[in-house]
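Q: got a predicted structure here, sequence first:
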Amino acid sequence: MPTRVEGSNAAGEMAEAGARFLASLDSDQKAKATYEYEDGERVFWYYPPMNRHGLAIRDMDGPQRENAYALMSTGLTERSYEQAKQIIDHENVLGPLEEEQGRISFERDTELYYFTVFGDPGGSTPWGWRAEGHHVSLHFSVWGDKVISTTPFFFGANPAEVMKGPKKGLRILGDREDMAFELIGSLDAGQRSKAIIYDEAPADILTYNSSKVSLPGEEGLPASSMTGTQKELLVGLVTEYVNQVRGDLAEHRLAALRDEGYDRLHLAWAGAEASGEPHYYRIHGGNFLVEYDNRQNDANHIHSVWREVENDFAGDVLREHLLLYHVI
């Protein structure tokens, strides 16, 4: 991952990397890799293996691949960039595992990850970029010198823990599981009765790949009913998700959460309270939402997402702009 200089500007780095990526493509590649910013394709996203729009890694040469990954790195920390690369490489673990189990359903290919640019990087109007494939779905929107949206932000892992082979013990997303178990384990009986909303974990995150979050009102145990130590655990788990984006962007969102007050957040849980059995949790309050599910493949398959309820795909920023400047 390129070294980030102090005081660097996220929007500027993204614009430079986006322009460099597009400039390296030929006309046919560019036709696959680009859309208008307002095209409906921008708000379609999904995390299983599937045919996608955009330009696949397999259709790029070496320098183009470097440019694509350099663009992805502009939105992430060194840790989350490494996690993204590990998730992509995890296809090399999952493919042989499924062959051994005799349940091949999809092609597992580290080159079936797609990069897309929406609009004109560095132009006067909003633009954005997407990096997406199995268990990775990243979406950033930029306007001028500001990054106006960083969500939805999805990471998954199958297997959640590698049980054998050279990578035995690898848990790419283990921290978000361990921290959540520590939090639920700290609750007393009365608190758990509020936090647990379902006896069984759902089959997947409940928001799936919706372009707009639609969930019941905040459910579960409010942070206002937690002890100081429990609140620290909750904030630590929230920070685990927000800190997936580069530090300057993460600090901006964490500052907003502090200003709004962590007490408005709710912890909702379903299923087992220890690893090895299906479990689910979400943290929801105001515009902030995290969902995590580990039920599939004998509770060894994680789906996790961070979303901004009103500002996924920059919806809130663009709506405010339209109201201020374009509605009479």
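A: Received, thanks.
Q: how about the strands in this structure?
A: In the chain, the segments counted as strands under DSSP state E are 34-35, 55-56, 114-118, 127-133, 136-143, 146-149, 153-157, 196-198, 221-222, 266-271, 279-285, 288-294, 302-308.
Q: how about the ones you listed in a markdown table, adding distance to Gln86, mean neighbour count and mean pLDDT?
A: All C-beta atoms are positioned from the backbone trio N, CA, C, and that covers glycine. Converted to a markdown table, the strands of the chain look like this (distance: least, C-beta to C-beta, whole Å; neighbours: other C-beta atoms under 10 Å; pLDDT from 0 to 100):
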| stretch | distance to Gln86 | mean neighbour count | mean pLDDT |
| --- | --- | --- | --- |
| strand 34-35 | 28 | 18 | 98 |
| strand 55-56 | 19 | 22 | 98 |
| strand 114-118 | 18 | 24 | 98 |
| strand 127-133 | 13 | 24 | 98 |
| strand 136-143 | 10 | 24 | 97 |
| strand 146-149 | 24 | 20 | 96 |
| strand 153-157 | 8 | 25 | 98 |
| strand 196-198 | 30 | 16 | 97 |
| strand 221-222 | 32 | 21 | 98 |
| strand 266-271 | 26 | 23 | 98 |
| strand 279-285 | 22 | 24 | 98 |
| strand 288-294 | 17 | 25 | 98 |
| strand 302-308 | 13 | 24 | 98 |
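Q: export these as JSON lines, with columns for distance to Leu183.
A: Formatted as JSON lines, these follow (distance: least, C-beta to C-beta, whole Å):
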{"stretch": "strand 34-35", "distance to Leu183": "40"}
{"stretch": "strand 55-56", "distance to Leu183": "39"}
{"stretch": "strand 114-118", "distance to Leu183": "35"}
{"stretch": "strand 127-133", "distance to Leu183": "30"}
{"stretch": "strand 136-143", "distance to Leu183": "25"}
{"stretch": "strand 146-149", "distance to Leu183": "28"}
{"stretch": "strand 153-157", "distance to Leu183": "19"}
{"stretch": "strand 196-198", "distance to Leu183": "13"}
{"stretch": "strand 221-222", "distance to Leu183": "10"}
{"stretch": "strand 266-271", "distance to Leu183": "7"}
{"stretch": "strand 279-285", "distance to Leu183": "8"}
{"stretch": "strand 288-294", "distance to Leu183": "12"}
{"stretch": "strand 302-308", "distance to Leu183": "15"}
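Q: between those strands, which one is closest to Gly247.
A: When the strands of the chain are compared by C-beta to C-beta, strand 146-149 sits nearest Gly247, at 12.4 Å.
Q: note down every partner strand of that closest one and its orientation.
A: Strand pairing for strand 146-149, using DSSP bridges, gives strand 136-143 (antiparallel).
Q: pLDDT below threshold where in the protein?
A: Residue ranges of the chain with pLDDT under 70: 1-8, 319-328.
Q: if you set the cut-off to 80 instead, what comes out?
A: In the prediction, the chain carries residues with pLDDT under 80 at positions 1-8, 105, 318-328.
Q: how does it divide up, domain by domain?
A: Per automatic domain parsing, the structural domains of the chain span 10-151, 174-310.
Q: ends of the first one, how far apart?
A: Which is domain 10-151. Taking C-alpha to C-alpha, to the nearest Å, the first and last residues of domain 10-151 lie 15 Å apart.
Q: and that domain, how far from the chain's centre?
A: For domain 10-151, the separation from the chain centroid amounts to 12 Å (computed by C-alpha atoms, centre = their mean, to the nearest Å).
Q: closest one to Glu161 among the domains of the chain?
A: With C-beta to C-beta as the criterion, Glu161 lies closest to domain 174-310 of those, at 6.1 Å.
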